[in-house]
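Undergrad: can you look at this prediction? I've put the sequence above it.
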Amino acid sequence: MNTYTYSEARQKLSMLLNKAKKEGKVIIKRKDGTTFEIKAITENKSPLDVKGIKLNLKTDEIINYIQDSRSSKYHGNITRK
């Protein structure tokens, strides 16, 4: 991992942020020896975490749609055991 001076970091901030995202972190060191670590914050979101939509359906309507979708009229004449 590379360490960058404060002056380099100021001039190349965009590049350092991209590098932190790609490599995990970047170290910046001041003249007085103080060091700082910059790292990207990643969100652990599920790909199934999607915003819902309001359909104004009642429970019995939803159940009827589900039952209809499972009936043979939507799946041809498939016989289930």
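TA: That came through, no problem.
Undergrad: how many other residues sit next to Tyr6?
TA: Tyr6 has 14 neighbours, counted by other Cβ atoms under 10 Å. To be clear about C-beta, it is placed using only N, CA and C from the backbone, and glycine gets the same treatment.
Undergrad: what sits against the nearest residue to it once chain neighbours are set aside?
TA: Spatial nearest neighbour of Tyr6, excluding adjacent residues (Cβ to Cβ, 6 or more residues apart in numbering): Arg30 at 5.0 Å. By Cβ atoms under 8 Å, 6 or more residues apart in numbering, Arg30 lies in contact with Thr5, Tyr6, Phe36.
Undergrad: which residue sits closest to the first one, ignoring its sequence neighbours?
TA: Nearest in space to Thr5, with sequence neighbours left out and distances taken as Cβ to Cβ, 6+ apart, is Lys29 at 6.2 Å.
Undergrad: neighbours of Lys12, how many?
TA: 14.
Undergrad: could you measure from it over to Lys58?
TA: Using Cβ to Cβ, to the nearest Å, one gets 58 Å for the distance from Lys12 to Lys58.
Undergrad: again, but for Thr3
TA: In terms of Cβ to Cβ, Thr3 sits 62 Å off from Lys58.
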